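> Everything below, folded, please.
(one chain, ligands or ions: 2)
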Amino acid sequence: MITTTEDPPFVDFRDVWLAYNDELRAANQFAVEAIDLQVRRGEFIAIVGPSGCGKSTFMKLATGLRMPSMGRIRIDGQPVTGPLKISGMAFQAPSLLPWRSTVDNVLLPLEIVEPHRSQFKARRKEYEARARALLQKVGLGGYEDKYPWQLSGGMQQRASICRALIHEPKMLLLDEPFGALDAFTREELWCILRDLQAEQRFNVILVTHDLRESVFLADTVYVMSKSPGRFIVRREIALPRPRDLELTYTKEFTDIVLELRGHIGALRKTGGEITQ
Ligand SMILES: Nc1ncnc2c1ncn2[C@@H]1O[C@H](COP(=O)(O)OP(=O)(O)OP(=O)(O)O)[C@@H](O)[C@H]1O
Ligand SMILES: [Mg+2]
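Ligands and ions are numbered 1, 2, ... in the order given. Model prediction:
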């Protein structure tokens with residue numbers, strides 16, 4: 001596990017606080033507070049914590065959809081000043097457009113985000129080939145021209161991940177992307193995500209309620225305390241890669257899951273005042 005590196009961190013939060021509006025700010029009510037986080041390039045992090053603790057708020061900050069009330073955020077060496085083009089996002093609900101075929105849904109970001117937008121017409125064939133290759137890779141070969149309502153929930157979620165990756169982002173943000181899926185489909189998608197990330201080396205920030213998911217996929221797991229959200233535990237997952245699903249049945253793996261569960265259990269009792 002690499003913990004120190006010569007490179008500057010890819011994601012760099014320095015004492016970041018966010019209140020959602022001036023009134024809350026005046027009342028010192030922050031949705032997240034004192035967030036300090038340094039993530040190296042290519043690292044996969046997972047964030048776990050109770051509902052309402054500020055996980056999605058953290059994601060909004062990381063992708064520039066919200067500016068911090070205090071502190072500073074740099075991504076890929078640049079201060080964040082607005083919505084980032086170098087990130088892709090996928091959420092719990094797949095949110096595909098029902099009137100577009102699967103491949104056209106995947107192409108959507110290229111029609112919207114510069115520099116692709118102005119080249120879209122001229123490069124449509126190339127872009128479409130890229131979208132079809134990506135769909136093939138996640139096991140959706142043969143479904144490219146079907147509509148979202150002709151796909152299962154798991155298939156729709158795969159298509160959403162392709163859509164988040166089509167513009168080859170440096171950072172993929174996933175907010176409970178597998179929450180609505182059955183256990184088998186979820187594990188299948190873990191492996192797809194694992195393989196895509198191993199191949200393309202983008203950074204991942206994954207928000208999840210599933211501790212097994214966080215330990216299986218991430219290099220580092222952060223536990224967030226109840227509102228106002230703070231990171232209270234940082235746990236490196238030193239399990240070697242590539243990781244197979246069999247790993248999830250080993251003692252080494254379940255010990256880490258139990259340890260994280262212990263932190264979250266302690267949080268529930270104390271309302272967040274635990275230290276490492
Ligand atoms: N747009 C908003 N305006 C005001 N307060 C908000 C807004 N969005 C979220 N909050 C508040 O910020 C806090 C953190 O919310 P957030 O959505 O980040 O939690 P979460 O950890 O993602 O929860 P969940 O696990 O349920 O998705 C909550 O108290 C919530 O009420
Ligand atoms: Mg959320």
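> Could you give the number of residues near residue 14?
Using other C-beta atoms under 10 Å, residue 14 has 14 other residues around it. In this view, the C-beta of every residue, glycine as well, is placed from N, C-alpha and C.
> Quick check: residue 221 touching residue 214?
Yes: counting by C-beta atoms under 8 Å, residue 221 does reach residue 214; the two are 4.7 Å apart.
> Pull up the overlap in contacts between those two.
Residues touching both residue 221 and residue 214 by C-beta atoms under 8 Å, 6 or more residues apart in numbering: 46, 48, 260.
> part of a strand, is the first one?
Think residue 46. Yes: secondary structure of residue 46 (DSSP: H, G, I helix; E, B strand; the rest coil): part of a strand.
> Verify the contact between it and residue 211 for me.
No: applying C-beta under 8 Å as the test, residue 46 and residue 211 come out as separate, 9.0 Å apart.
> Confirm that residue 267 sits in a helix.
Yes: applying three-state DSSP, one finds residue 267 inside a helix.
> any idea how far it is from residue 31?
To residue 31, residue 267 is 17 Å away according to C-beta to C-beta, to the nearest Å.
> and if you look at residue 187?
From residue 187 to residue 31 the distance is 32 Å (C-beta to C-beta).
> Pick out the least confidently modelled helix or strand of the protein, by mean pLDDT.
The weakest-scoring helix or strand in the chain, judged by mean pLDDT, DSSP states H and E, is strand 87-91 (a mean of 86).
> I'd like to know which elements it is packed against.
Counting by 3 or more C-beta pairs under 8 Å, 6 or more residues apart in numbering; DSSP states H and E, the packing neighbours recorded for strand 87-91 are helix 153-165, strand 171-175.
> Which positions within the longest one qualify as buried?
The neighbour-count check on helix 153-165 (16 or more other C-beta atoms under 10 Å) flags 154-165 as buried.
> now stretch 110-129
Within stretch 110-129, the residues that count as buried by 16+ other C-beta under 10 Å are 110, 113, 116, 127-128.
> Just name the closest of these to residue 89, please.
Comparing the buried residues of stretch 110-129 against residue 89 with C-beta to C-beta places residue 113 closest, at 11.9 Å.
> for the residue located most distally from the centre of the chain, helix, strand, or coil?
Distance from the C-alpha centroid of the chain peaks at residue 122, with 31.5 Å (C-alpha atoms, centre = their mean). What three-state DSSP gives for residue 122 is helix.
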